[in-house]
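J.: Just need the structure, nothing else, for what follows:
(one chain, ligands or ions: 1)
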Amino acid sequence: MRKIKCEHCGLWTHGDRQTCNYCGEVTDERYKQEVSKRNKINPFEFRFVKIYAIDPWWLKSGKSFLYIAQLIFFAVVSVIVYLSSIFVH
Ligand SMILES: [Zn+2]
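T.: Residues are numbered from 1 along each chain as shown. Okay, here's the model as predicted:
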């Protein structure tokens with residue numbers, strides 16, 4: 001079993017695990033970098049607006065409108081892609 005010293009609490013913990021046994025912090029730097037890389041917004045990924053329960057009513061209605069607009073946009077794009085796949089040969 002590989003043991004590594006936790007950089008957060010200073011205790012020796014399992015090196016094969018990505019988080020510290022004692023404080024729960026991430027010990028593996030490579031894993032940490034991978035996580036932060038994945039958390040970054042991917043410009044090619046289509047993201048819908050997230051509506052939270054704690055949002056005020058004006059923000060909720062604004063986001064709902066934006067969400068519907070996104071759905072319509074997505075539907076229109078899908079139709080265009082579908083049509084172009086039929087006619088472009
Ligand atoms: Zn720790």
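
J.: Please list all residues in contact with the nearest residue to residue 22 once chain neighbours are set aside.
T.: Once flanking residues are discounted, residue 22 sits nearest to residue 11: 4.8 Å by Cβ to Cβ, 6 or more residues apart in numbering. Just so you know, the C-beta spots here come from the backbone N, C-alpha and C atoms, and that holds for glycine as well. Contacts for residue 11 were tallied using Cβ atoms under 8 Å, 6 or more residues apart in numbering; they are 5, 20-23.

J.: how distant is the longest helix belonging to the chain from the center of its chain?
T.: Identified as the longest helix of the chain according to DSSP state H is helix 57-87. Remark: helix 57-87 is offset 21 Å from the chain centroid, using Cα atoms, centre = their mean, to the nearest Å.

J.: Quick check: buried residues in it?
T.: Residues residue 63 are the ones in helix 57-87 that count as buried (16 or more other Cβ atoms under 10 Å).

J.: and if you look at stretch 15-28?
T.: Buried positions in stretch 15-28, judged by neighbour count with 16+ other Cβ under 10 Å: 19-20, 26-28.

J.: from those residues, which two are the most distant?
T.: Pairwise distances across the buried residues of stretch 15-28 peak at 10.0 Å for 20 and 28 (criterion: Cβ to Cβ).

J.: ok, now how distant is residue 14 from residue 71?
T.: Distance, residue 14 to residue 71, using Cβ to Cβ, to the nearest Å: 46 Å.

J.: need the contact list for residue 8.
T.: So residue 8 contacts 20, 23, 25, 27 (Cβ under 8 Å, 6+ apart).

J.: for the helix or strand of the chain with the lowest mean pLDDT, packing partners?
T.: Sorting the helices and strands of the chain by mean pLDDT, DSSP states H and E puts helix 29-39 at the bottom, at a mean of 76. The helices and strands touching helix 29-39, judged by 3 or more Cβ pairs under 8 Å, 6 or more residues apart in numbering; DSSP states H and E, number zero.

J.: So what's the gap between that helix and the chain middle?
T.: Offset of helix 29-39 from its chain centre (Cα atoms, centre = their mean): 12 Å.

J.: Pull out the buried positions in that helix.
T.: Buried residues in helix 29-39, counting neighbours by 16+ other Cβ under 10 Å, are absent.
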